[in-house]
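>>> attaching a predicted model along with its sequence, questions to come.
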Amino acid sequence: MQKSLHIDPNKCTHCLQCEMACSFENYGVFNNSKSRIKVFEFHHTGRKVPYTCTQCDEAWCMHACPVEAIKLDKNTGAKVVLEDVCVGCKVCTVACPFGTINYVADIGKVQKCDLCFGEPACAEACPTGAITFIDANWTGLDRMRQWAEKTDTAAA
Amino acid sequence: MAWTRKFLRINLTSGSVAVEPLNMEWAQQYLGQRGLATKYFVSEVDPKVDPLSPDNKLIFTTGPLTGTMASTGGRYSVVTKGPLTGAIACSNSGGYFGAELKMAGWDMIILEGKSPRPVYLWIEDDKVELRDASHLWGKTVWETEETVKKQHQDPLVRVSSIGRAGENGVLYACIVNDLHRAAGRSGVGAVMGSKNLKAIAVRGTKGVGNIANPKEFMKVTFEKKKILKENAVTGAGLPTYGTQVLMNVINEIGAMPTRNHRDVQFEGARKISAEAMREKRPTDGKAQLVNNQACFGCTIACGRISKIDQNHFSVVNSPKYWGASGGLEYEAAWALGSANGVDDLEALQYANLLCNEDGMDPISFGATIGAVMELYEMGVLTKEQLGIEAPFGSAKALALLTEMTARGEGFGKDIGMGSARMCAKYGHPELSMTVKGQEFPAYDSRGIQGMGLTYATSNRGACHLRSYTVASEVLGIPVKTDPLTTDGKPALVKAFQDATAVFDSSGLCVFTSFAWGVADVQPQVQAACEGDWSLEKLNEMGERIWNLERQFNNAAGFTAKDDTLPPRLLTEPAKVGPAKGLVSGLDKMLPEYYELRGWDTEGRPTPETLTRLGL
């Protein structure tokens, strides 16, 4: 079964555990500036929103890459950057409509979410269930359940 | 290692920036943050120093777990000699600034001297420089954060700054980071202002590595997070209601200081409680509370994000306050509310917003207003002096006096001195509800007897965050004790004081101690830090830190006579509630406390005690 990251901003508290987990998984260090998932705080409204790559099927980044450094991981559906192939041209960062693939100056390559090859550290670290890793075909299941619960059959 | 092993020494007089290695021998004895910075401070600063003189120093300090995945590992502290008290000050803050400083590669910043002109400290990893802040001087905390972020074209910069209160020398001015988190008490912001230092702005991209045993650290921090989640206080009460969960609880047990401690129960408590914050307002159909927010790395998330009622008289013409912002927390709701008999929830949030915006401790400020209102009702202070009629319960007076104090206008200058100096100036020192010059927080020591000893012996003046015996006496954590008796309280207070010093030195938030003991902190420290960090070592360290602070205060001129409470709490019995007829039994607890501490009858650590603790 293919799974995907599912984000429910209403549950997010902006604790940034996901960002630390991401950087620790990929770089062995707690470093929010190296995280591939970012949490945005909209102070005026109080909203907090975690945001990362949605793993588009027809991924703009993958199609834009001139050296084929971004490949589909068939097991997870993730689009994965092959670091030894990437030349750091940054065309993918221009092509991505969502800004979720970014250049890392330290290594001269780009980075993006690769779903941790099937066990995303961010989802595991999230203390509130704002980030979950669920059946890609049924990301709406929880919302459906909520509406189902409200369904009033008495009037019928 | 967890420490970055280096810190910054900034001489504001000369403008020099130096990098020094962290004294790792001291780190093994004091861990970090409160403990380690206090060790540096007392080693470098004359206890008799005038807190607002260039000779005082100001230390921003992180703990070894700051900036890690340990839950709540985002804290930093500010250590200095406090101008409100003349005692050692150590104020702890959350938000995101502390972790950012650590991720820039610094355990600590020691600031010395006084800049000839307003400056701010800019830290971008290894790049550290003092920059001109003439364009920021006179601006609020909120304007300062916004301006600095725009100037550096980087929304990820974290800023810790003072508002106009700190510039104007309000003696309980705080240092605010991330708009509404504060190193709040004892006037650390006034020290920063006296040094012409407006702000510290940090962008850290190095991260925190060098965890001694990363695999073990991830495993043990995960287990400890689970304990927080499953605990009724940290897993449900605090995230749902915030610290405000206490308002009705403390009122019911008759320990709610009301109208400058004249009363111990507030008839309006319900209207300013956590429950009230969740109710829809008749004016706009919305609740004040929007949602909760965590500080860096915190899996509890007790912080409140609220929206004030746009129709309220205080903000109807000020759209800048209409957005979501921090508050109300219990201490602020109490100090701005019950302490003054004000039950207007929106007025409290307005005063709270101004405290955040211009950097004032809402506890000391609100409690000082309580004294102002009592003096007004006695006829000592007049409408002409204050600019408004100010009886207990007046939301209009609260709003106006907050504005005047934040801006340093009119009688606001007197309010900015704190209640001890203000009450003395107008001939009624006995009406100041303070210990060592610092105002009480939200627990009446007639209704919770252990808190009387807590306040009297706190090293930074009256404070609940030095030994929160409310946990035991009211909530039954770790064991239930009777709030109305003094039996066993000296040992309880000592145990809480020493344990709290450990939490405060680690980089973790003391709120975790609702669910964790030092025994839960220990394996997290052990996994992160090199060296042996046994439970015994940590407990002894907590006691060592307490005595080190005490030694500084004794050398600063404090004696056993200062370990006392205002006469009202010692002689005027509680009028109603479970504590009816009781005064604080401080005299029954203090001698036993000194003995347990290994201090002489003058409150001085004996030579044997000092030797035992390696002091």
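Thanks, I have the structure now.

>>> in what helix or strand does B:Leu121 lie?
Counting by DSSP states H and E, the element that carries B:Leu121 is strand B:119-124.

>>> could you find the closest non-adjacent residue to A:Val94?
In space, and not counting its chain neighbours, A:Val94 is closest to A:Ala64: 7.4 Å by CB to CB, 6 or more residues apart in numbering or on different chains. Every residue, glycine included, has its C-beta placed from N, CA and C.

>>> gap between the one you found and B:Thr147?
37 Å (CB to CB, to the nearest Å).

>>> near chain A, which residues of the stretch 151-300 of chain B?
With the criterion set to CB under 8 Å from any CB of the partner chain, the stretch 151-300 of chain B comes near chain A through B:156, B:179, B:204-209, B:214, B:218, B:225, B:229, B:239, B:290-299.

>>> circling back: I'd assumed A:Thr93 was in contact with the residue nearest to A:Val94.
No - contact criterion CB atoms under 8 Å: A:Ala64 and A:Thr93 do not qualify, at 9.1 Å.

>>> tally of neighbours for A:Phe98?
12 (other CB atoms under 10 Å in any protein chain shown).

>>> ok, now the one 4 residues further on?
Residues contacting A:Asn102 under the criterion other CB under 10 Å number 14.

>>> now B:Cys529
B:Cys529: 25 surrounding residues under other CB under 10 Å.

>>> surely it is in contact with B:Asn213?
No - the criterion here is CB under 8 Å, and B:Cys529 misses it with B:Asn213 at 9.5 Å.

>>> low-confidence regions, chain B specifically.
For chain B, the stretches with pLDDT under 70 are B:1.

>>> what do you get if the cut-off is 90, keeping everything else the same?
Judged against pLDDT under 90, the low-scoring parts of chain B cover residues B:1, B:210.

>>> tell me the contacts of the residue nearest the centre of chain A?
Nearest to the mean C-alpha position of chain A, by CA atoms, centre = their mean, lies A:Thr52 at 3.3 Å. A:Thr52 makes contacts with A:Leu5, A:Ile7, A:Arg36, A:Ile37, A:Lys38, A:Thr100, A:Cys113, A:Cys122, as judged by CB atoms under 8 Å, 6 or more residues apart in numbering or on different chains.

>>> could you measure from the closest residue to chain A within chain B over to A:Tyr27?
With CB to the nearest CB, the shortest gap between chain B and chain A falls at B:Gly207, namely 2.5 Å. Remark: distance between B:Gly207 and A:Tyr27 (CB to CB) = 7 Å.

>>> again, but for B:Val380
Taking CB to CB, one finds B:Val380 at 63 Å from A:Tyr27.

>>> please apply the same query to B:Gly452.
51 Å.

>>> what's the neighbour count on residue 84?
No chain specified, so I'll use chain A. Neighbour count of A:Asp84, defined by other CB under 10 Å: 6.

>>> ah, I was thinking of chain B
Residues near B:Leu84, counting by other CB under 10 Å: 30.

>>> cool, and A:Gln55?
By other CB under 10 Å, 22 other residues sit near A:Gln55.

>>> residues in contact with it?
A:Gln55 sits in contact with A:Ser4, A:Gly77, A:Ala78, A:Lys79, A:Cys113, A:Leu115, where contact means CB under 8 Å, 6+ apart.

>>> and those, which is closest to chain B?
Of all the contacts of A:Gln55, chain B sits closest to A:Cys113, with 18.2 Å by CB to the nearest CB.

>>> quick check, that closest one in contact with A:Thr100.
Yes - shown here, A:Cys113 and A:Thr100 form a contact pair, counting by CB under 8 Å, at 6.9 Å.

>>> tell me which of the two has more neighbours.
More crowded of A:Cys113 and A:Thr100, by other CB under 10 Å: A:Cys113, with 23 against 19.

>>> what about the more buried one, is that helix, strand or coil?
Recorded secondary structure, A:Cys113: coil (DSSP: H, G, I helix; E, B strand; the rest coil).

>>> can you pull the phi/psi pair for it?
The phi/psi pair for A:Cys113 (degrees, to the nearest 10) reads phi -60, psi 130.

>>> tell me who's in contact with it.
For A:Cys113, the contacting residues are A:Leu5, A:Cys22, A:Arg36, A:Ile37, A:Thr52, A:Cys53, A:Gln55, A:Ala78, A:Thr100, A:Pro120, by CB under 8 Å, 6+ apart.

>>> measure it to A:Arg36 for me?
4 Å.

>>> mutual contacts of the two, please.
Common neighbours of A:Cys113 and A:Arg36 (CB under 8 Å, 6+ apart) are A:Cys22, A:Thr52, A:Cys53, A:Thr100.

>>> for the last one, what are its contacts?
It refers to A:Thr100. A:Arg36, A:Tyr51, A:Thr52, A:Cys53, A:Thr54, A:Lys112, A:Cys113.

>>> the nearest residue to B:Pro441 once chain neighbours are set aside in helix, strand or coil?
Closest residue to B:Pro441 apart from its sequence neighbours, by CB to CB, 6+ apart: B:His464 at 4.2 Å. Following three-state DSSP, B:His464 is assigned to coil.

>>> and for B:His464, the neighbour number?
By other CB under 10 Å, the residues close to B:His464 number 20.

>>> I'd assumed B:Glu439 was in contact with it.
No - B:His464 is beyond contact range of B:Glu439, at 11.3 Å (criterion: CB under 8 Å).

>>> where does the residue of chain A at minimum distance from chain B land on pLDDT?
Taking CB to the nearest CB, chain B has its nearest neighbour within chain A at A:Asn31, 2.5 Å off. Confidence at A:Asn31, expressed as pLDDT, is 97.

>>> skipping adjacent residues, who's closest to it in space?
Nearest to A:Asn31 is B:Gly207, by CB to CB, 6+ apart, at 2.5 Å.

>>> can you get me a residue count around the one you found?
25.

>>> show me where the stretch 351-500 of chain B has its helices.
Assigned by DSSP state H, counting those that start in this stretch, the helices in the stretch 351-500 of chain B fall at B:362-377, B:383-386, B:395-407, B:412-415, B:419-425, B:449-457, B:470-473, B:489-506.

>>> again, but for chain A
Along chain A, the segments classed as helices by DSSP state H run A:17-27, A:60-64, A:91-95, A:121-125, A:141-150.

>>> contacts for the fourth one, please.
Think helix A:121-125. Contacts with helix A:121-125, where a contact means CB under 8 Å, 6+ apart, come from A:5, A:17-22, A:24-25, A:37, A:50, A:52, A:131-133, B:69.

>>> and the gap between B:Gln349 and B:Asp284?
On the measure of CB to CB, B:Gln349 and B:Asp284 end up 14 Å apart.

>>> returning to what we had before: please tell me how far the residue nearest to A:Asn31 sits from B:Trp106.
To B:Trp106, B:Gly207 is 13 Å away according to CB to CB.

>>> strand partners (parallel or antiparallel) of the strand holding B:Leu121?
strand B:127-132 (antiparallel), strand B:197-203 (parallel) (DSSP bridges).

>>> what's in contact with the first one?
By that I understand strand B:127-132. With CB under 8 Å, 6+ apart as the criterion, strand B:127-132 contacts B:Leu8, B:Ile10, B:Leu12, B:Gly15, B:Val17, B:Ser115, B:Arg117, B:Pro118, B:Val119, B:Tyr120, B:Leu121, B:Trp122.

>>> unless I'm mixing things up, the third one is touching B:Lys195, no?
Yes - in terms of CB under 8 Å, B:Leu12 counts as a neighbour of B:Lys195; the distance is 5.3 Å.

>>> which of these two has more neighbours?
B:Lys195 (26 against 20).

>>> and the nearest residue to the more buried one once chain neighbours are set aside, what does it touch?
Distance criterion CB to CB, 6+ apart; nearest residue to B:Lys195, sequence neighbours excluded, is B:Lys114 at 4.9 Å. Neighbouring residues of B:Lys114 by CB under 8 Å, 6+ apart: B:Leu12, B:Thr13, B:Pro54, B:Ser194, B:Lys195, B:Asn196.
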